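J.: generate a structure from the sequence data that follows.
(chains A and B)
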2 protein chains.
Amino acid sequence: MYLIDKNSKIPLHIQLYKEIKKEIIHNLKVGDKLQSIRKVATIYNLSKTSVESAYSQLLAEGYIDSYPKSGYFVTDTNYKNFKKDSNIDIEKKEQKDDFLYDFFHARLEKDSFPLKLWKRIFNKVIDESIDFCTYHDAKGEYGLRLEIAKYLIESRGVNCNANQIIVCNGFINSMGLLIKLLNKKHDTLAIEHPGYYAAREVFELSNYKIKKIPVGKNGIDLRKLEKSEAKLVYITPSHQFPTGVTIPISNRLKLLDWAEKNDALIIEDDYDSELTYETRPIPALQGLDRVGRVIYVGTFSKSLSPALRISYLVVPKFLLEEFSGVFESRVCLFTQKTLERFMNEGHWDRHLRKIRTLNKKKYNLMKKCLEEKLGSSMKIVNQGGGLAIHISPKVSFDWNKLEKLAIKKTIKLHYAKEKSGGEWQALMMGFGGFKEEEIEDAVNSFSEIWHECIIE
Amino acid sequence: MYLIDKNSKIPLHIQLYKEIKKEIIHNLKVGDKLQSIRKVATIYNLSKTSVESAYSQLLAEGYIDSYPKSGYFVTDTNYKNFKKDSNIDIEKKEQKDDFLYDFFHARLEKDSFPLKLWKRIFNKVIDESIDFCTYHDAKGEYGLRLEIAKYLIESRGVNCNANQIIVCNGFINSMGLLIKLLNKKHDTLAIEHPGYYAAREVFELSNYKIKKIPVGKNGIDLRKLEKSEAKLVYITPSHQFPTGVTIPISNRLKLLDWAEKNDALIIEDDYDSELTYETRPIPALQGLDRVGRVIYVGTFSKSLSPALRISYLVVPKFLLEEFSGVFESRVCLFTQKTLERFMNEGHWDRHLRKIRTLNKKKYNLMKKCLEEKLGSSMKIVNQGGGLAIHISPKVSFDWNKLEKLAIKKTIKLHYAKEKSGGEWQALMMGFGGFKEEEIEDAVNSFSEIWHECIIE
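T.: Reported below is the predicted structural model:
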C-alpha cells in the first residue's frame, strides 16, 4: 500500500515515487513486476500523468526497467543499504593559532588595504555591460594588461607591451604557467642558493632537475652559473631572497651576455622591488635585456593584497607562441576589472607611495629598536627594502632554545633557512604586519628571549 | 660640468645623479675616479647630503664602486646603449569574432547572472572585519565550504563534510590539484571514449597514460574497464559528455564494486546535473559510495558564472592527507565571501530554480524548432539536460560543406568531435546562450545551411 496524502504540499508524483522506491528497496526483489500505470492511477485516484512521472523517475534512476508490451520490472541491484546517513559530521572549523606577536616577513598591516576605495570602484566598474556568463581572455583582460604594462614601463623600467603580459592567479600559478611554456625545451633550473624555496619546489614537482648556484655579495655567482651549463635560471636581482643583496649593474650585464651566448633564459622575480627605503627602486634587469632573454615575474600579493590572487608574467615574444590559452587558469573577472580601474585612476601609484612611506617609518623604527635592544649581539644581514629586516647573531647562539622559547611565549618567528635552501640562517623580522605603535613592544618581547639564547 | 638647476622642481640629488650617470655612460671609462663628495658639494654649492644621496644611488645601481680610503670609481660595464626605447609598441586589442548566431553549448544568457543581487551582497559582506593583507585557507574559506557541503548533501545526495571540500579556481585548476593529490600512486587514467577532451588533456600534460574505454547506452563499458586494469577512471555519470547517456543504478553499483575490489578511484564529474528538464536530477554516484572511492568534481561555471573562477572537489578523507596546501592556487577571497553569503541567504537555490525553469523553456523551444525545421533528416542524440541539444544527421551528410557554409553565414557551430575523442560526431546546438525570442530565428538560419548539406 502506498501512502499518498492529497493534502500534502509535496507533489503527488514525488510522493508516489518515494513510496515505490521504499517498496523496491525493502520488499521487492529483482524481476518483480510493478503494477501497470493505469492500475496505480485507478487504485490511488491519481492522474495517469502523475504515475507516469513517478515511474519515469524510477526508470531514469535505474530502479526499474521497462519492457515494451510487458511492463515495469525491478532491476538487478546487489546493494541493500540505500538509506542515507542523516548525521553528516561537519567538522568544526580548525582553530587558527593566536600569537602575541607574529613577525611574519611578507605582509602589510590589515588597514593597508584601501577597502572603501576598492568597494567604490567595484560598484562603479561592475555593471551590465560585462558578460559574466561567458569565458574571458585567457591572458587576462586587455585593459588590465595595458595598465600593468604602463606601470612596469614607467616605474620598473621594464620593456613590454600589453600583449606580453599574462595575468595569473598568484605566484604558484605564474610558475605553473611558465613551466608549461618552457617544457618543450627545458628540464633543468638553476637557482640561487640560498634562494626562494617555493620557486624551486614548483619546478621540482614538475620533474625539473635543480642546480644550486651560490650567492655572493654581488648576487648569484656568475662563474659557477656558467660552469653549471644551465639554460634557465631563476633569480631575485633587486633584492635577493633571503640575503638581500642587489646585483650590481656590471653583473647584470654579464648575466645578460651569458644568457645570449648560451641561448639561455633568465626568470627575474621582482617581488618586492617597490618597497625600497634607502635608495630609489633599482630598475628591473629586464629593462636592460635587448634580445628577449628575460621573463619578468611580478605580483600584487605583497604590495596590495594576497587575497586578490593576482600576479603577472611579462613574457618574451617568442615564448608567447607556446601560450595556447586553453588550459590556463583565468583570474576572477570582477577582481580584474576593479584592479584595472584602480590602476587607471591613479590609485595604485598613490597606494604604493603610501605603503612605501608607511613601511619606511616602520622599517626605521624596527631597525632602531633591534639595534638598541640587541646591540652588538646581532648583525643586520638584509636591509633597505621589503617587509622584514633579516638579522643574525654575532655571538654563539642557541637556535633550538630560541624556537622553544618563542613557542612558549607565543611569539611567532620566521626563519630564513625554512624558506630557502641550505645552511644560510637568519631571523626574518617582519615589520610590515605590525602597526607602528606595536613595534617597540614586539621587539622588547622578542629581545628578552633573544638574550636568553646567547651562549656566554 | 654638471648642470644643476636650483630652481627646478626636481630634487637636487636626483639632478646630480642623472648628470653623473650621463657622464659615466658617455665620457668616462672603467676605473676613472669620481670627484670626492666634499669637492662636488663645494663646486656645485650643494649639501654634502645631496651629493651622498646621488653617489649612493649610483653605487646601488652599480655604476660606481666605492673603495675605502680611495674614493669612487667607475665600474666595469661593456654595455654602451642605456637609452630606453621611448616608443613602446602597445598592440591593439585583438578583435573578437562577431557571429550572427553562436550555438555555444556551455553557457547561459548574459542576463542570467544576478548582478544587482551579487553587488548588494558584495557590499554587505566585504567589510573591515576581513584581513585582506594575509593569506587565507588554502582549501578555501570554511564558511563557503560549509555552504557547498550543505548544497551537495541536500541537492545532489553527496556524502561529505565541509573539510572534504576544496575550493578551486575552475575545472583545469581542479584537475591540476587532483593530479597532485594522486601522483604518488597513479600514472594512468581511464576515460570514456568519446569523452571530455579537457579532462584527458590535463592528465596527458602531466604525463599520465590514457586508456580509452568505449561508452554504450548505459555509459562506460564496465567489462572493458575491468580488462583495462586501470586504477583511476574519469566519468560523467549523470549526463555523459557528449553522448548524454545516464549510467543506470545497476551499473553505478557495479562501478563501485569494481573500484572497491580493485583498489581503484572514480572521478565523477557532475558538471551540469542541476540542469535536467525531463526528470528530476539524478543523485550523484558519490552518494552511493560507502568506502571513499569517489572523488566528486563540481563547478559554478556552468550554472552561475565562468567569470567567477570557482569550482570544487569533494575528496575522500584518505586523499586529504596528500593536500599540503602550500602549493595550491587559492581563490579570490572577495568572490568566495560573496558566494558564501549568496548561498547562505538562499539565493543559489532560487537561482538554480530560475535557471532550470528558463532553460527548460528554451530547451523545449529549440527541440520543437529543430524537429520542425530539420524533420526526419536528423535525430536527437543527447537530450533532457544541460545547455545544448546534440543532433546528428540521419541521412548522408556533407560535414565539410556545413563547416564552410556556417563560417560564410557567420553562424558559429560546435562539433562534439572537437571536444571529445574519436569518431563520435554530433552538432552541439546550444540554447543556453540565446534569449528565448532568438531561438526560432537562430534555428531557421541554421536549418537553411543544414538542408544544403544533405546529400540526396
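
J.: helix, strand or coil: sort out A:Lys22 for me.
T.: Following DSSP: H, G, I helix; E, B strand; the rest coil, the label given to A:Lys22 is helix.

J.: can you get me a residue count around it?
T.: For A:Lys22, the neighbour count with other C-beta atoms under 10 Å in any protein chain shown is 13. From N, CA and C alone the C-beta is placed, and that goes for glycine too.

J.: show the pLDDT at it.
T.: Note on A:Lys22: pLDDT of 85.

J.: need the contact list for the nearest residue to A:Asp441 once chain neighbours are set aside.
T.: Spatial nearest neighbour of A:Asp441, excluding adjacent residues (C-beta to C-beta, 6 or more residues apart in numbering or on different chains): A:Tyr101 at 7.8 Å. Applying C-beta atoms under 8 Å, 6 or more residues apart in numbering or on different chains, we find A:Tyr101 in contact with A:410-412, A:434, A:438, A:441-442, A:445-446.

J.: give me the phi and psi for A:Ile210.
T.: phi -110, psi 130 (degrees, to the nearest 10).

J.: I meant A:Lys337, not that one.
T.: Phi and psi for A:Lys337, reported as degrees, to the nearest 10, are phi -60, psi -40.

J.: picking up where we left off before, include secondary structure when you put the contacts of A:Tyr101 into JSON lines, please.
T.: Shown next, in JSON lines, are these (three-state DSSP):
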{"residue": "A:Thr410", "secondary structure": "coil"}
{"residue": "A:Ile411", "secondary structure": "strand"}
{"residue": "A:Lys412", "secondary structure": "strand"}
{"residue": "A:Phe434", "secondary structure": "coil"}
{"residue": "A:Glu438", "secondary structure": "helix"}
{"residue": "A:Asp441", "secondary structure": "helix"}
{"residue": "A:Ala442", "secondary structure": "helix"}
{"residue": "A:Ser445", "secondary structure": "helix"}
{"residue": "A:Phe446", "secondary structure": "helix"}
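
J.: in CSV: these, plus pLDDT.
T.: Below are these laid out as CSV (pLDDT from 0 to 100):
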residue, pLDDT
A:Thr410, 94
A:Ile411, 96
A:Lys412, 96
A:Phe434, 96
A:Glu438, 96
A:Asp441, 97
A:Ala442, 97
A:Ser445, 96
A:Phe446, 97
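
J.: just the buried residues of those.
T.: Applying 16 or more other C-beta atoms under 10 Å in any protein chain shown to these, the neighbour count classes A:411-412, A:434, A:442, A:445-446 as buried.

J.: which one of these is nearest to chain B?
T.: A:Phe434 (11.6 Å; C-beta to the nearest C-beta).

J.: wait, isn't the closest one in contact with A:Glu440?
T.: No: between A:Phe434 and A:Glu440 there is no contact, the gap being 9.8 Å when judged by C-beta atoms under 8 Å.

J.: returning to that earlier point: so what's the residue nearest to A:Asp441 bridging to?
T.: A:Tyr101 has the following beta-bridge partners by DSSP bridges: A:Ile411.

J.: what about it, distance to chain B?
T.: To chain B, A:Tyr101 is 15 Å away according to C-beta to the nearest C-beta, to the nearest Å.

J.: and the pLDDT at that residue?
T.: Note on A:Tyr101: pLDDT of 96.

J.: cool, A:Glu321 as well?
T.: pLDDT, A:Glu321: 86.

J.: how near is it to A:Val315?
T.: A:Glu321 sits 10 Å away from A:Val315, going by C-beta to C-beta, to the nearest Å.

J.: the more surrounded of those two?
T.: More crowded of A:Glu321 and A:Val315, by other C-beta under 10 Å: A:Val315, with 25 against 9.

J.: grab the nearest non-local neighbour of that one.
T.: Using C-beta to C-beta, 6+ apart, the closest residue to A:Val315 is A:Gln164 (5.3 Å).

J.: for that neighbour, grab the count of nearby residues.
T.: Burial of A:Gln164 is recorded as 24 neighbouring residues (other C-beta under 10 Å).

J.: residues contacting it?
T.: For A:Gln164, the contacting residues are A:149, A:314-317, A:320, by C-beta under 8 Å, 6+ apart.

J.: could you redo the last one with a cut-off of 7 Å?
T.: A:314-315, A:317, A:320 (C-beta atoms under 7 Å, 6 or more residues apart in numbering or on different chains).

J.: repeat that for A:Asp187.
T.: Contacts of A:Asp187 by C-beta under 7 Å, 6+ apart are A:208-209.

J.: any idea which residue of the stretch 351-456 of chain A lies closest to chain B?
T.: Closest point on the stretch 351-456 of chain A to chain B, by C-beta to the nearest C-beta, is A:Gly433, at 7.5 Å.

J.: what's the neighbour count on that residue?
T.: Neighbours of A:Gly433 using other C-beta under 10 Å come to 24.

J.: how far away is the nearest residue to A:Asp111 once chain neighbours are set aside from A:Lys417?
T.: Nearest residue to A:Asp111, sequence neighbours excluded (C-beta to C-beta, 6+ apart): A:Lys435, at 7.8 Å. Plainly put, A:Lys435 is 28 Å away from A:Lys417 if you go by C-beta to C-beta.

J.: who's more crowded, the two?
T.: Set side by side, A:Lys435 and A:Lys417 show more neighbours around A:Lys417, with 16 against 12, by other C-beta under 10 Å.

J.: touching, that one and A:Gln425? I think so.
T.: Yes: checked against C-beta atoms under 7 Å, the pair A:Lys417 and A:Gln425 is within contact range at 4.5 Å.

J.: outline the domain layout of chain A.
T.: A:12-95, A:101-111+A:357-452, A:115-349 (automatic domain parsing).

J.: of those domains, which is nearest B:Ala106?
T.: Between B:Ala106 and the domains of chain A, the shortest gap by C-beta to C-beta is with domain A:115-349, which sits at 8.9 Å.
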